[in-house]
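Engineer: Need a 3D model of the following:
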Amino acid sequence: MPTSRTKNRKKRVSKKWILSKNFKNILFKALLLSVIFWLIYILIVSGLNQKIKYISIESSFQNVKENQIKDAIFTEIENGILNLDTSELYSKILDIDWIDKVSISRKWPDRLELKIYEHHPVARWGDNGLLNNRGELFAEITNQNLIPSNLSQLNGPNDKSYEVAQRYLSLKERLVPYGINITAVDLDKRGAWRIKLYNGTVINFGKKDVNKRFDLFVDITKNIISSESDEIESIDMRYDNGFTLLLKK
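Structural biologist: Take a look at the predicted model:
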């Protein structure tokens, strides 16, 4: 005859079996719902992820060819509008010479819009380099025919390109009101500065008190150089309190 202890043990076993069965049912239903939701998600995404049919490229196309941009795009758009890796596409386009900035927009269901902004070169750097209007070295051009002939020539140590460019841009802006154009800026290995004007006049600033000497040069430009520039061969600014002029013979 079963004792009360045996009956209690059977009840506990029965409850455990029921709980285990219920848990399995709940787990199965949860997994089933997860699969259903996943399939629904895949169907929705597949329906929304349309193939890109239309590509709009807005650019000045002065130094960049449309085919260069298309070549970068076509390998990235095969997986549809939603799966497009815009970061990868952005990097690929920026790797193209002359491209400064790019804006990428996806227009559902099947349109891709790009705006391409080219670098604006303001000066040459060394033999083949080009500097933009922020003073950044952005390209090395091996074909000299592709370099605009009207650009000023800047030279210096490779790690000083930004500093030389900023000096050039600042001085150029200050001299424009007096009709004076700079054709060359040189910074040698010792840190000495020299510039050349449009008429061939050479100005030596040395490496000491450079900012002060450039300010003085702008001052004498107002009073002397702007009116007598064609008569001056060179100007030596390497003095503590003044300068010397060498006139053309």
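Engineer: Which residue, other than its chain neighbours, is closest to the residue nearest in space to the middle of the chain?
Structural biologist: For the chain, residue 100 is the residue whose C-alpha lies nearest the centre (CA atoms, centre = their mean; 5.1 Å). Sequence neighbours aside, residue 119 is the residue nearest to residue 100 in space, at 4.4 Å (criterion: CB to CB, 6 or more residues apart in numbering). (C-beta placed from N, C-alpha, C; glycine too.)
Engineer: contacting residues for the residue nearest to the centre of the chain?
Structural biologist: Residue 100 sits next to 117, 118, 119, 120, 132, 138 when contact means CB atoms under 8 Å, 6 or more residues apart in numbering.
Engineer: which residues touch the last one?
Structural biologist: With contact set as CB under 8 Å, 6+ apart, residue 138 has these partners: 98, 100, 119, 121, 130, 131, 132.
Engineer: Between the two ends of stretch 117-128, how far is it?
Structural biologist: 22 Å (CA to CA, to the nearest Å).
Engineer: My error: substitute stretch 224-233 in the last question.
Structural biologist: OK, stretch 224-233 end separation, CA to CA: 13 Å.
Engineer: Could you do stretch 214-232 as well?
Structural biologist: OK, stretch 214-232 end separation, CA to CA: 17 Å.
Engineer: Work out the gap between it and the centre of the chain.
Structural biologist: Centroid displacement of stretch 214-232 relative to its chain, using CA atoms, centre = their mean, to the nearest Å, is 37 Å.
Engineer: okay but residue 220 is in contact with residue 243, surely?
Structural biologist: Yes - between residue 220 and residue 243 there is a contact at 6.8 Å, judged by CB atoms under 8 Å.
Engineer: Can you pull the residues that touch both of the two?
Structural biologist: residue 235.
Engineer: For residue 41, give me the pLDDT.
Structural biologist: Here the pLDDT value assigned to residue 41 is 63.
Engineer: could you measure residue 30 against residue 128, distance?
Structural biologist: From residue 30 over to residue 128 the distance is 65 Å, taken as CB to CB, to the nearest Å.
Engineer: Give me the more crowded residue out of these two.
Structural biologist: residue 128 (14 against 10; other CB atoms under 10 Å).
Engineer: ok, the more buried one - contacts?
Structural biologist: With contact set as CB under 8 Å, 6+ apart, residue 128 has these partners: 140, 141, 142, 144, 147.
Engineer: follow-up on the earlier one: please work out the average pLDDT along the helix or strand hosting the residue nearest to the centre of the chain.
Structural biologist: Remark: residue 100 resides in strand 99-107, with elements defined by DSSP states H and E. Average pLDDT, strand 99-107: 94.
Engineer: next one: stretch 112-131 to chain centre, how far?
Structural biologist: Counting by CA atoms, centre = their mean, stretch 112-131 comes out at 10 Å from the chain centroid.
Engineer: do stretch 49-58 as well
Structural biologist: 24 Å.
Engineer: which outside residues touch it?
Structural biologist: When contacts are defined by CB under 8 Å, 6+ apart, stretch 49-58 is touched by residues 66, 69-70, 73, 77, 79-84, 108-116.
Engineer: what do you get for stretch 67-86?
Structural biologist: Defining contact as CB under 8 Å, 6+ apart, one finds that stretch 67-86 is touched by 45, 48-52, 55, 57, 59, 88-89, 92-93, 95-96, 104, 106, 108-112, 114, 116.
Engineer: now do the same end-to-end measure for it.
Structural biologist: Span of stretch 67-86 from end to end, CA to CA: 19 Å.
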